[in-house]
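**Q** From the sequence below, what's the structure:
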Amino acid sequence: MRAVVIVVVLLCGWVGAPSADQTDERLDGLFARLHATLDEQEAEAITQQIWEIWYQTDDVKARELFLRGVRHMQAARFDQALAVFDEVVSLSPDFAEAWNRRATVLYLMGEHAASIDDIKHTLVLEPRHFGALSGLGLIYLHSEQWDDAINAFRKALEVNPHLPGPKRNIELIERHTRGSTI
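**A** All right, here's what the predicted structure looks like:
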């Protein structure tokens with residue numbers, strides 16, 4: 001289980017210094033560069049910059065709570081993480097990454113319907129949130145909703161064409177639906 005948590009935390013990115021959020025004007029340029037580059041190392045660095053911006057909020061209390069929730073999540077204390085992220089989204093309902101983190105915790109707790117609800121909320125706030133789209137694909141993959149999973153993974157790749165996870169998952173699903181097993 002700890003390995004799954006580490007993979008999900010790595011999939012979600014690294015927590016950077018707070019001072020912005022999904023409304024940060026730098027994001028448009030970063031997404032443009034992400035689409036223009038053919039260099040995978042540059043794409044990885046740009047992706048990291050996007051995550052760092054998404055993790056930021058100017059609300060000091062929300063930031064402190066968010067980081068506490070991340071620590072609980074990393075330690076696989078999902079009930080505690082969920083309680084903290086509940087508080088963050090209540091305190092700062094426009095903070096997309098708080099909704100995404102809560103969706104991730106709900107996914108890890110097996111609460112897929114609630115996770116989908118939070119993913120949808122994340123995507124309303126930040127339609128380019130490739131992490132939320134990838135998470136949605138994972139939920140659909142888990143529930144063997146192959147077409148929905150492929151669609152979510154493709155949307156994630158439209159936003160960030162350099163993501164290896166969605167590419168691999170699409171290949172797995174396509175092999176499976178042609179008769180092989182995942």
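
**Q** For this structure, name the helix or strand with the lowest mean pLDDT.
**A** Comparing every helix and strand of the chain by mean pLDDT, DSSP states H and E singles out helix 2-12 as the least confident one, with a mean of 43.

**Q** ok, now how distant is the nearest residue to Glu174 once chain neighbours are set aside from Leu136?
**A** Closest residue to Glu174 in three dimensions, ignoring its sequence neighbours and counting by CB to CB, 6 or more residues apart in numbering: Ile150, at 7.7 Å. Bear in mind the C-beta positions are built from the backbone N, C-alpha and C, glycine included. Applying CB to CB, to the nearest Å, the value for Ile150 to Leu136 is 11 Å.

**Q** so which helix or strand takes in the residue nearest the centre of the chain?
**A** The centroid of the chain falls nearest to Gly131 when counting by CA atoms, centre = their mean (2.7 Å). In this structure, Gly131 is located in helix 130-142 according to DSSP states H and E.

**Q** Packing partners of that helix?
**A** In terms of contacts (3 or more CB pairs under 8 Å, 6 or more residues apart in numbering; DSSP states H and E), helix 130-142 is packed against helix 2-12, helix 96-108, helix 112-125, helix 146-159, helix 164-177.

**Q** list the buried ones in it?
**A** By neighbour count on 16 or more other CB atoms under 10 Å, the buried set for helix 130-142 is Phe130, Gly131, Ala132, Leu133, Ser134, Gly135, Leu136, Gly137, Leu138, Ile139, Tyr140, Leu141.

**Q** State the mean pLDDT of it.
**A** For helix 130-142, the per-residue pLDDT values average out at 98.

**Q** just checking, what packs against whichever strand or helix holds Arg71?
**A** Applying DSSP H and E as the criterion places Arg71 in helix 60-74. In this structure, helix 60-74 packs against helix 2-12, helix 78-91, helix 96-108, with contacts taken as 3+ CB pairs under 8 Å, 6+ apart.

**Q** So which of those has the densest surroundings on average?
**A** Looking across these with neighbours counted as mean count of other CB atoms under 10 Å, the highest average goes to helix 96-108: a mean of 27.

**Q** what's the closest of the buried residues of helix 130-142 to Val124?
**A** Val124 lies nearest to Ala132 out of the buried residues of helix 130-142, by CB to CB, at 10.2 Å.

**Q** In this structure that closest one contacts Thr122, no?
**A** Yes - between Ala132 and Thr122 a contact is recorded at 4.3 Å, counting by CB atoms under 8 Å.

**Q** which neighbours do the two share?
**A** Shared contacts of Ala132 and Thr122, defined by CB atoms under 8 Å, 6 or more residues apart in numbering, are found at Asn100, Ala103.
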